[in-house]
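> Sequence and predicted structure, then a few things I'm wondering about:
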Amino acid sequence: MFGRAPKKSNNTKFYETLGVPKSASQDELKKAYKKAAIKNHPDKGGDPEKFKELAHAYDILSNPEKREVYDQYGEDAVNDIGGGGGHGGHNPFDIFESFFGGGGFGGGGSSRGRMKKQGEDVVHSLKVSLEDLYNGTSKKLSLSRNVLCSKCKGKGSKSGASGRCVGCQGSGMKISTRQIGPGMIQQMQHVCPDCRGAGEVISEKDKCPHCKGNKVTQEKKVLEVHVEKGMQHGQKLTFQGEADEAPDTVTGDIVFVLQLKEHPKFKRKLDDLFVEHTLSLTEALTGFQFALTHLDGRQLLIKTNPGEIIKPGQNKAINDEGMPHYQRPFMKGRLYIKFKVEFPDTGALSLDQCRKLETILPPRQTSQLSAMEVDECEETTLNDVNMEEEMRRKQQQKQQEAYDEDDDEPSGSRVQCAQQ
């Protein structure tokens, strides 16, 4: 009497996990597993569950006998002949190590010790003045950072040994599920509470007394930041490998980002400088000279040519007095000066003064009205006005009117009164 054939179940899931067709050769299986396993390795921030699924799928399909059973009868049949339930009886990290010839990513040691993650960069803002960027400067900054414990060399234990965390199987992460509805389950990934994401545990007796098993200690370090002439707002200064150290981690960088403080006089645009200067009407018409204190303390003599008139809003430029070019400090941009002309606030000119000015200034642009034309016009009076105050008063008046409308009687009452 023949035995009953195994019940047929899903026989495509493992191929789909590796992303290959059922006709894939052993070389194609190896390439697919290698690419997916590296991408999903927990040490690179991958999904531990996906990593286990890949290892289990490759473990089955790379074995000709298991693959034949799987192709005919599916996953349940493979489990029945000893393929292992769930993700199989094999450790996914062992499969990964054996696949890479025991060398893993970096060669030698356990996979947890070999794979080095990239540490995070530490970014600080560094406030600088426009004078700092014009002249260049150096600033010493004291920072605290984590360094590998010098006593245990970052092992965390006196013996240098540690055990793989049982709670997360060394992945550092745990998967929890919860039912959120009929037939609906939500999976959540969180840091393993037993090992706090380290993937390994150290016994209390074996913990390093210097770092208390944390593998790192704190140290203070002074960094000297050199701000070169012509650097820009937002430019970064990087100190490679000076961030927090951690076991099996490539130390990140400390990055300083320049933040330019507003200057009370000068404005900067790329390699040019801009400044405003107010002239009296007399200076604008008859000439002027004044000393402008530059960002390096030099006094620049600013003056007009004889007989030159400066118009309100007019700009002048001085070559090679702008910002130094970054890494070419002997080359500089331009310094632009915008002139404002201030007219007399009070007082009036006498008729005699007006006649004298008329003989000096350019002739009037508009023709004078005749006496008859003046008689036909309506007389008006020009009043002084502060436009900001005027706009503010009108806005308050509008708000008051809206408030008064809200206090009026309801429209229904007014209609009723009108009908009586």
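That came in fine, so what should we check first?
> Next one: Glu283 from Val341, what distance?
Remark: distance between Glu283 and Val341 (CB to CB, to the nearest Å) = 8 Å. C-beta coordinates here come from the backbone N, C-alpha and C atoms, glycine included.
> which neighbours do the two share?
Ile310 (CB atoms under 8 Å, 6 or more residues apart in numbering).
> Do a quick rundown of the helices in the stretch 101-250 of the chain.
111-114, 130-135 (DSSP state H, counting those that start in this stretch).
> among those helices, which gets the worst mean confidence?
Of all the helices of the stretch 101-250 of the chain, helix 111-114 carries the lowest average pLDDT, namely a mean of 43.
> what about Lys338, how many neighbours?
14 (other CB atoms under 10 Å).
> same thing with Glu219?
Number of residues near Glu219 (other CB under 10 Å) recorded here: 12.
> Look up how far Val147 lies from it.
Remark: distance between Glu219 and Val147 (CB to CB) = 5 Å.
> what's the answer for Gly287, then?
From Gly287 over to Val147 (counting by CB to CB), the distance is 66 Å.
> With Gln189 instead?
As for Gln189, its distance to Val147 is 30 Å (criterion: CB to CB).
> got it, and Ile38?
Ile38 is 29 Å from Val147, where distance means CB to CB.
> CA-only coordinates of the helix or strand hosting Arg355, as PDB, when you get a sec.
Remark: Arg355 resides in helix 351-360, with elements defined by DSSP states H and E. Only the C-alpha atoms of helix 351-360 are listed here, as PDB (Å, rounded to 0.1, in the frame of the first residue of the first chain):
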ATOM      1  CA  LEU A 351      11.500 135.700  -1.700                       C
ATOM      2  CA  ASP A 352      15.000 137.100  -2.200                       C
ATOM      3  CA  GLN A 353      16.500 133.700  -1.500                       C
ATOM      4  CA  CYS A 354      14.100 132.100  -4.000                       C
ATOM      5  CA  ARG A 355      15.100 134.500  -6.700                       C
ATOM      6  CA  LYS A 356      18.800 133.900  -6.100                       C
ATOM      7  CA  LEU A 357      18.200 130.100  -6.300                       C
ATOM      8  CA  GLU A 358      16.300 130.500  -9.500                       C
ATOM      9  CA  THR A 359      19.300 132.200 -11.100                       C
ATOM     10  CA  ILE A 360      21.500 129.300 -10.100                       C
END
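> Gly252 and Glu245 touch, don't they?
No. Between Gly252 and Glu245 there is no contact under CB atoms under 8 Å: 9.3 Å.
> Can you tell me the centre-most residue of the chain?
Val123 (9.4 Å; CA atoms, centre = their mean).
> Hmm, that residue is touching Gln259, no?
No. Val123 is beyond contact range of Gln259, at 11.6 Å (criterion: CB under 8 Å).
> where along the stretch 301-420 of the chain do the strands fall?
315-318, 324-325, 328-332, 335-342 (DSSP state E, counting those that start in this stretch).
> Longest helix in the protein, please.
helix 387-407 (DSSP state H).
> Please write out the alpha-carbon positions of that one in CSV.
Output of helix 387-407 as CSV, limited to C-alpha atoms (Å, rounded to 0.1, in the frame of the first residue of the first chain):
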residue,chain,number,x,y,z
MET,A,387,1.2,109.0,5.6
GLU,A,388,1.9,106.3,8.2
GLU,A,389,-0.2,108.1,10.8
GLU,A,390,-2.9,108.8,8.1
MET,A,391,-3.1,105.1,7.1
ARG,A,392,-3.2,104.1,10.8
ARG,A,393,-6.1,106.5,11.5
LYS,A,394,-8.1,105.3,8.5
GLN,A,395,-7.6,101.7,9.6
GLN,A,396,-8.8,102.4,13.1
GLN,A,397,-11.8,104.3,11.7
LYS,A,398,-12.7,101.3,9.5
GLN,A,399,-12.5,99.0,12.5
GLN,A,400,-14.7,101.3,14.6
GLU,A,401,-17.3,101.4,11.8
ALA,A,402,-17.4,97.6,11.7
TYR,A,403,-17.8,97.5,15.5
ASP,A,404,-20.7,100.0,15.4
GLU,A,405,-22.5,97.9,12.7
ASP,A,406,-22.3,94.8,14.9
ASP,A,407,-24.0,96.8,17.8
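> so where does Glu49 fall, helix or strand?
Using DSSP H and E, the element containing Glu49 is helix 48-61.
> hang on, the earlier thing: joint contacts of Gly252 and Glu245?
The contact lists of Gly252 and Glu245 share Gly119, where a contact means CB under 8 Å, 6+ apart.
> which other helices and strands contact the helix holding Glu49?
The contact analysis (3 or more CB pairs under 8 Å, 6 or more residues apart in numbering; DSSP states H and E) places helix 48-61 against helix 13-18, helix 26-40, helix 64-73, helix 92-99, strand 173-181, strand 184-191.
> Rebuild those as TSV, extending it with mean pLDDT, distance to Ser350 and mean neighbour count.
Below are these laid out as TSV (pLDDT from 0 to 100; distance: least, CB to CB, whole Å; neighbours: other CB atoms under 10 Å):
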stretch	mean pLDDT	distance to Ser350	mean neighbour count
helix 13-18	86	100	19
helix 26-40	83	90	16
helix 64-73	82	112	16
helix 92-99	64	100	19
strand 173-181	74	91	11
strand 184-191	75	87	10
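> Those into a markdown table, with extra columns for distance to Tyr58?
Converted to a markdown table, these look like this (distance: least, CB to CB, whole Å):
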| stretch | distance to Tyr58 |
| --- | --- |
| helix 13-18 | 7 |
| helix 26-40 | 4 |
| helix 64-73 | 11 |
| helix 92-99 | 7 |
| strand 173-181 | 20 |
| strand 184-191 | 22 |
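> so which of the ones you listed comes closest to Asn135?
strand 184-191 (48.5 Å; CB to CB).
> strand partners of the closest one, parallel vs antiparallel please.
strand 173-181 (antiparallel) (DSSP bridges).
> and the partner strand with helix 48-61, angle?
Angle of strand 173-181 versus helix 48-61, following axes from the mean of the first three to the mean of the last three CA atoms, to 10 degrees, is 100 degrees.
> next one: strand 173-181 to chain centre, how far?
In terms of CA atoms, centre = their mean, to the nearest Å, the centre of strand 173-181 is set 32 Å apart from its chain centre.
> what's in contact with that strand?
Strand 173-181 has contacts (CB under 8 Å, 6+ apart) with 42, 48-49, 167-168, 185-193, 197.
> No more questions from me, cheers.
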